[in-house]
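Engineer: dropping the sequence and predicted coords here.
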Amino acid sequence: MRFRRILPSDYPKLKGFFEFQRYRLCVYSLSSIIVWSNHLYNPYGAMEGEALIIYNEWASPKKDRYLILPISPVKEYVPEELYDLAVKLGIGTYWFVPDDYIKKYKQSRIEHFFEIIEQKEFEDYIYLTEDLSELKGNKYSKKRNLIHQFKRDYFGKGRVRIEKIAPSVVSECNDFIEKWGEERGFDLVRDKELACEKQALINAVENINILEANGILLRIDGVFSAFGISSKLTNNMGVLHFEKAFTGIKGLYQFIDNECAKYLFKGYTYINKESDMNIRGLARAKKSCHPIMRVKSYRLKVR
């Protein structure tokens, strides 16, 4: 197999492999695979028949390479095939194996070839689009109240404007992330994870049209103050890759979250809001939106 680094320009020729993508973990979005490529972390792909084989590699050390489940619109690799592929490539680990796969092929069968290790930090949160766009019921009363306060304080005389994200706003997105980080006391030079997220955001905005992703941004008095970017995951589920808002403006985050649900997920039954990375505050925020399910992630290590 001839592997090469996956770049934004590869999207048109690779998207066919994802046409009937079945895995509900956010990492199986082609857009996500592409935008998270940076100087520390890179995805590589090769075509094998009707499947796309992907492994990811950290800049250092090389031994940290791992595969994800092969992507194909017509077939799914059974555990025996996963084992043979891993041995053939000399990459002994699969990451981001969803619990649907474990349940389908049975733990006992898989454990004949692999050690199964849960990745709790990569468990995705899934919501009904209808829930987050309509915010009905008592459980969303606090969010509705915060949105009402935001509208009351900022909706006068055209102060708030929502726009579709285009590559022309890359520099503004860059500036926003810098200010957003400063607001939270983050150091984008020292915080490698935030620096990677910033680069992923820039990659997404620069290539938003090529990647067939969607995004909206919100301005208050002309100032870029919040945004969200999404892409397709499965035929009935989209994934919200990025969503940021200044915290100093009461109700702004709740408002942009509701707008994203309304405008970025039309035609999708479900919204995947990715994982919480075991970050307590992030977990609390995701739980407050009342997910209808969570998709567990597992690592398979060759025995």
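Structural biologist: Done, it's in.
Engineer: show me where the stretch 151-300 of the chain has its helices.
Structural biologist: Taking DSSP state H, counting those that start in this stretch to define them, one finds helices in the stretch 151-300 of the chain at 170-183, 192-206, 252-263, 280-287.
Engineer: need the winner for burial among these.
Structural biologist: helix 252-263 (a mean of 22; mean count of other Cβ atoms under 10 Å). Where C-beta positions appear, they are placed from N, C-alpha and C, glycine not excepted.
Engineer: one step back: nearest to residue 90 among the helices of the stretch 151-300 of the chain would be which one?
Structural biologist: Evaluated over the helices of the stretch 151-300 of the chain, closeness to residue 90 peaks at helix 192-206, with 26.3 Å, by Cβ to Cβ.
Engineer: the inter-axis angle of the closest one versus helix 170-183?
Structural biologist: 160 degrees (axes from the mean of the first three to the mean of the last three Cα atoms, to 10 degrees).
Engineer: hmm, residue 86 and residue 66 touching each other?
Structural biologist: No. Taking Cβ atoms under 8 Å as the definition, residue 66 is not a contact partner of residue 86, at 9.7 Å.
Engineer: give me the common contacts of those two.
Structural biologist: 93-94 (Cβ atoms under 8 Å, 6 or more residues apart in numbering).
Engineer: center of the chain, which residue is that?
Structural biologist: residue 241 (3.8 Å; Cα atoms, centre = their mean).
Engineer: ok, that one - contacts?
Structural biologist: Residue 241 touches 26, 29, 31-32, 35, 200, 204, 213, 229-231, 274, counting by Cβ under 8 Å, 6+ apart.
Engineer: ok, now with 6 Å
Structural biologist: Applying Cβ atoms under 6 Å, 6 or more residues apart in numbering to residue 241 gives the contacts 32, 229.
Engineer: residue 194 versus residue 200, what's the distance?
Structural biologist: Going from residue 200 to residue 194 by Cβ to Cβ, to the nearest Å gives 10 Å.
Engineer: typo on my end, residue 143
Structural biologist: Distance from residue 143 to residue 194, by Cβ to Cβ: 26 Å.
Engineer: for residue 286, which non-adjacent residue is closest in space?
Structural biologist: Spatial nearest neighbour of residue 286, excluding adjacent residues (Cβ to Cβ, 6 or more residues apart in numbering): residue 125 at 4.6 Å.
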